[in-house]
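Trainee: could you work out the structure for the sequence below:
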Amino acid sequence: MDVEVERFELEHASVSRLNQFYRCPYLFKLFYIDEVPTAVHPLAKIGKKSHNYIYLYYRYINPAKLEEIDGVELYEYILRFFEKYLIIREDRNMEIIPVIQGFTDLECERISSLKDKGYKGEEFAKYYLPVLREHKIEFETDLPVFETREFEKTVKKTGEVKMVKRRVQVAVVHVTFRMIVDAVFLNDDGSHVVIDWKTGYRKPSMYAGVNRQLYIYAHYLRVQEVKDRFGNVIDPKLLMVVFPRYTEAIFKERSDRSEKIVLTYMAKAFYQIAKGEFPRKPSMFKCGWIKDEDDQCGYFKEYCEEWAKDEGIFRVEEVEEDREEEDDEFEEDWDSEDWEEVEPDRDFSEGSWDSTEEDDMEPV
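Mentor: Residues are numbered from 1 along each chain as shown. As a prediction, this is how the structure comes out:
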């Protein structure tokens, strides 16, 4: 029952590419391999901007000021922070306002909870601010691929030949993997919470639970022994998907079993990619991913045989999209003098938190 183990190399592997493959393998091929021009949804960039604003909030907000105020005053203070930033950026996209308002609501609840626990001063900042934010990890790893196959087995007593099933390793995919974690926060017990912000229009009810990428993040944060800003190795205990637009969150305690299942599926996906297998993913919704105008994949029927007639299918202007990972795009194009006016309360002196931090972070 010996099986020859194939070996594959995959240079570009990331969670965003993996998610695209899960949506539809053929869509992955069109986008990353054929580089077909896409029809980008008009709301596609809202997620990127929302992540940028959240990143900047944690970078520049003054925890000491948050301790001093409560209620409506606290809510308005956080909103003013974003308002001044939006003015500086001259960002008048109203679609982002519900995300900021929902994020503010969630932060007010979290601040009140920390105050109720009696945290003050440095201890308050320790648990309020992320211990890791927009953290990029690049590494190489071997992913074993297993399949269930049938083999002939001869029964010794009768000489009868039967077919038996065995789970065997069939391949190893060597991948160069990169990922960017939205944020990690500290728990009271010293463990960590891994956060992923979802700022689009997909409602929490559309998610079956905590998404795959958080299990991947948790696994490699631990395996790569990534340290938080206090020098402690990240110990992921809780995984949380936060939906600021809907002021909701889904969380789950990390388990070895669930993590193993996710990693198994990931290995199989990269195995298919390495072999060049890109089947279409049809369903009762015309395509495996197209359910309504917010979920349209951006490719038209001339590229995919599974597309039904185009009546009722949402279309937008076709543009050429950058083939670099979305995760790697982050703009910091403001004038530092403007920021001194926006947040004069924050101490930027030497020794303050993240004052020596490099400005090369890149959000998801």
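
Trainee: other SSEs contacting the longest strand along the chain?
Mentor: The longest strand of the chain (DSSP state E) is strand 161-186. Packed against strand 161-186 by the contact rule (3 or more C-beta pairs under 8 Å, 6 or more residues apart in numbering; DSSP states H and E) you find strand 6-14, helix 46-60, helix 121-128, strand 132-154, strand 192-197, helix 212-223, helix 256-275. Backbone N, C-alpha and C define where each C-beta goes, glycine included.

Trainee: the third one vs helix 46-60, what angle?
Mentor: If I follow you right, that is helix 121-128. 160 degrees (axes from the mean of the first three to the mean of the last three C-alpha atoms, to 10 degrees).

Trainee: state the mean pLDDT of helix 121-128.
Mentor: Across helix 121-128, the average pLDDT comes to 96.

Trainee: pull out the buried positions in it.
Mentor: Within helix 121-128, the residues that count as buried by 16 or more other C-beta atoms under 10 Å are 124-128.

Trainee: likewise for the first one?
Mentor: Of the residues in strand 6-14, those buried under the neighbour-count criterion (16+ other C-beta under 10 Å) are 8, 10, 13-14.

Trainee: likewise for the longest one?
Mentor: With burial defined by 16+ other C-beta under 10 Å, the residues of strand 132-154 counted as buried are 132-135, 143, 145.

Trainee: with just CA atoms, put that strand into PDB.
Mentor: Only the C-alpha atoms of strand 132-154 are listed here, as PDB (Å, rounded to 0.1, in the frame of the first residue of the first chain):
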ATOM      1  CA  LEU A 132      -0.400  43.300  18.300                       C
ATOM      2  CA  ARG A 133      -2.000  45.100  15.400                       C
ATOM      3  CA  GLU A 134      -1.900  44.800  11.700                       C
ATOM      4  CA  HIS A 135       1.000  42.300  12.100                       C
ATOM      5  CA  LYS A 136       2.500  40.800   9.000                       C
ATOM      6  CA  ILE A 137       4.000  37.400   9.000                       C
ATOM      7  CA  GLU A 138       6.000  35.800   6.200                       C
ATOM      8  CA  PHE A 139       7.300  32.200   6.400                       C
ATOM      9  CA  GLU A 140       7.800  29.000   4.400                       C
ATOM     10  CA  THR A 141       6.200  25.700   5.500                       C
ATOM     11  CA  ASP A 142       5.400  22.200   4.200                       C
ATOM     12  CA  LEU A 143       1.800  21.200   4.100                       C
ATOM     13  CA  PRO A 144       1.100  17.500   4.000                       C
ATOM     14  CA  VAL A 145      -1.800  16.400   1.900                       C
ATOM     15  CA  PHE A 146      -3.800  13.200   2.800                       C
ATOM     16  CA  GLU A 147      -6.400  11.400   0.800                       C
ATOM     17  CA  THR A 148      -8.600   8.300   1.300                       C
ATOM     18  CA  ARG A 149      -7.800   5.700  -1.300                       C
ATOM     19  CA  GLU A 150      -8.800   2.100  -2.000                       C
ATOM     20  CA  PHE A 151      -6.300  -0.800  -1.900                       C
ATOM     21  CA  GLU A 152      -6.500  -4.500  -2.600                       C
ATOM     22  CA  LYS A 153      -6.100  -6.700   0.500                       C
ATOM     23  CA  THR A 154      -5.800 -10.500   0.400                       C
END
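
Trainee: now do it against helix 212-223, angle only.
Mentor: Using the same axes, to 10 degrees: strand 132-154 against helix 212-223 is 100 degrees.

Trainee: tell me the contacts of Ile69?
Mentor: Shown in contact with Ile69 (C-beta atoms under 8 Å, 6 or more residues apart in numbering): Tyr77.

Trainee: how much space separates it from Tyr77?
Mentor: Distance of Ile69 to Tyr77, given as C-beta to C-beta, to the nearest Å: 6 Å.

Trainee: same deal with Gln224?
Mentor: Taking C-beta to C-beta, one finds Gln224 at 37 Å from Tyr77.

Trainee: what's the answer for Glu147, then?
Mentor: Taking C-beta to C-beta, one finds Glu147 at 56 Å from Tyr77.

Trainee: thinking again about what came up before, and the buried residues of strand 132-154, which two are furthest apart?
Mentor: Arg133 and Val145 (33.4 Å; C-beta to C-beta).

Trainee: center of this structure, which residue is that?
Mentor: The residue lying closest to the centre of the chain (C-alpha atoms, centre = their mean) is Asp196, at 5.4 Å.

Trainee: for Ile100, helix, strand, or coil?
Mentor: Under DSSP: H, G, I helix; E, B strand; the rest coil, Ile100 falls in the helix class.
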